[in-house]
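**Q** Okay, here's the prediction I keep looking at, along with the sequence it came from:
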Amino acid sequence: MHFLIVDESDDFRRSLVQMLRERWPEARFDEWDPRRQGDPSAALAGADYAAVLLDAHPAGNGGLARLTKIRAHPGAPPVVLVADHGDSHVAIQALKAGAADFVRKTGLTPRALIRALEDAIREHEIRRLEIAGMHTPFARTMPLQLNRIGAPLAGEPVAIPGYRTLRMIGEGGMAQVYLAERSRDGQQLVLKVLGPGLRSSGTFLQRFEREYSLIASLENEYVARIYDHGFSGEHPYIAMEYLSGGTLAARIQEGMSSLAALRLTSQIAKALDAIHAREIVHRDLKPQNIMFRDSGRPVIVDFGLAKDMDSTSNLTVQGEVMATPRYMSPEQCLGKQADARSDLYSLGAIFYEMIAGQKLFGNEGPAGLIYQHVHGAIPLLPAHLAGYQTIIDRLLAKNPDERFQSARDLFATIAV
């Protein structure tokens, strides 16, 4: 592993080296002082760097100009900007210039820095393989460390012909979710098995059938693939893609940089644009329903509450709260019609949680959350994140007419 560190401070460069040696003790580090050595893009000639750490606010030439020049170099490695300060404008400009991430010097920890670089290196390699036509993100027949996935099977699992259940990875009032293996080729996937009582419930059976038909109609890189559905005895089931990268909820708990949060928000917006283009509203977007492929790409799952915007059917009871109150839009809380802008409100609540490191409206219970979504003031971000407030305010506007009017509008505003 070989890194290039570009910063005007000898002490800070040494500090970065020390942080990175915790993860890569055998790595080589080239330190570059741009005041003394000039243009850092010159260092790329003949070097095979895994990544570049670049000062975002150097004296003289702008860091973004240097970033652009480095990224223009043939075979350029990923670049992580390191800044004393920054707001949404700087972060968005960094994304558009090709930065892999954007971290702040103040409070920077080895864990945060290492995570940013690991993500940058992985994404860079995946993109390189995809361009070369060598990456196959849906091939899941490799051996898995089963003891690190879900929990052991409790009792006798439901037998689904053609599949062998391996681990329990989720359970709720309506369904059990298993990691399973398809008998004919050994591919790992997820079996979502509904309870037997639901087959006799017309409403839940319609939801099940609709979830299958909606996902099956969405051939999109940001939506979980579905392979099969049917009934095993009294148990309806769906077989879908196994997503090995875990949930966004887990990543939020680990902490992420503001640029990583912004990039993920833009990717989720791209996914929502594809869903909304098919006249579908998800209606239950939350960190637990956003997962990651092994490539690092976010994927939207669980369309159990999704609704076709052209459909006149209503599978919910008047006044019934079906979605997750933490991420519900004001119109959902009031039992009004929810369109695509409702999903954008939910994404706003998720973005706030990613960037602020705390949940929207704190520890309020379900009733308190519903009140806050309808009547509460939009929380202010901490001072060092204040530049993102305009994005938060537009996403979390109480009136849908005051939000971004489409996921494409949001994506165009913040994405590369």
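**A** Received, thanks.
**Q** Quick one: list the elements packing against the helix or strand hosting residue 250.
**A** Per DSSP states H and E, residue 250 falls inside helix 248-254. Under the contact definition 3 or more CB pairs under 8 Å, 6 or more residues apart in numbering; DSSP states H and E, helix 248-254 sits against strand 290-292, helix 340-356. For the C-beta atoms, the positions are set from N, CA and C on the backbone; glycine is no exception.
**Q** Need those in CSV (columns: mean neighbour count, mean pLDDT and distance to residue 409).
**A** As requested, those are exported to CSV (neighbours: other CB atoms under 10 Å; pLDDT from 0 to 100; distance: least, CB to CB, whole Å):
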stretch, mean neighbour count, mean pLDDT, distance to residue 409
strand 290-292, 22, 88, 20
helix 340-356, 24, 94, 9
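**Q** Turn the ones you listed into a markdown table, columns for distance to residue 231.
**A** Formatted as a markdown table, these follow (distance: least, CB to CB, whole Å):
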| stretch | distance to residue 231 |
| --- | --- |
| strand 290-292 | 26 |
| helix 340-356 | 31 |
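**Q** rewinding a little: buried residues in the helix holding residue 250?
**A** Across helix 248-254, burial judged by 16 or more other CB atoms under 10 Å covers 248, 251, 252.
**Q** Can you show me the strands along the stretch 201-350 of the chain?
**A** Taking DSSP state E, counting those that start in this stretch as the test, the strands found in the stretch 201-350 of the chain are 226-232, 235-241, 280-281, 290-292, 298-300, 307-308.
**Q** And the fourth one, what does it pack against?
**A** On a contact count with 3+ CB pairs under 8 Å, 6+ apart, strand 290-292 meets helix 248-254, strand 298-300.
**Q** Ok, which of these comes nearest residue 267?
**A** When the helices and strands packed on strand 290-292 are compared by CB to CB, strand 298-300 sits nearest residue 267, at 5.2 Å.
**Q** average pLDDT for the closest one?
**A** The average pLDDT for strand 298-300 rounds to 87.
**Q** So which residues of the stretch 101-250 of the chain form helices?
**A** Listed in chain order, the helices of the stretch 101-250 of the chain (DSSP state H, counting those that start in this stretch) span 110-131, 202-216, 248-254.
**Q** Mind telling me which of those helices the model trusts least?
**A** Taking the mean pLDDT of the helices of the stretch 101-250 of the chain, helix 202-216 comes last: a mean of 64.
**Q** Can I get the strands of the stretch 201-350 of the chain in a markdown table including distance to residue 331?
**A** A markdown table is the format used below for the strands of the stretch 201-350 of the chain (distance: least, CB to CB, whole Å):
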| stretch | distance to residue 331 |
| --- | --- |
| strand 226-232 | 29 |
| strand 235-241 | 29 |
| strand 280-281 | 11 |
| strand 290-292 | 21 |
| strand 298-300 | 20 |
| strand 307-308 | 13 |
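**Q** Let me know which of those is the nearest to residue 260.
**A** strand 298-300 (11.3 Å).
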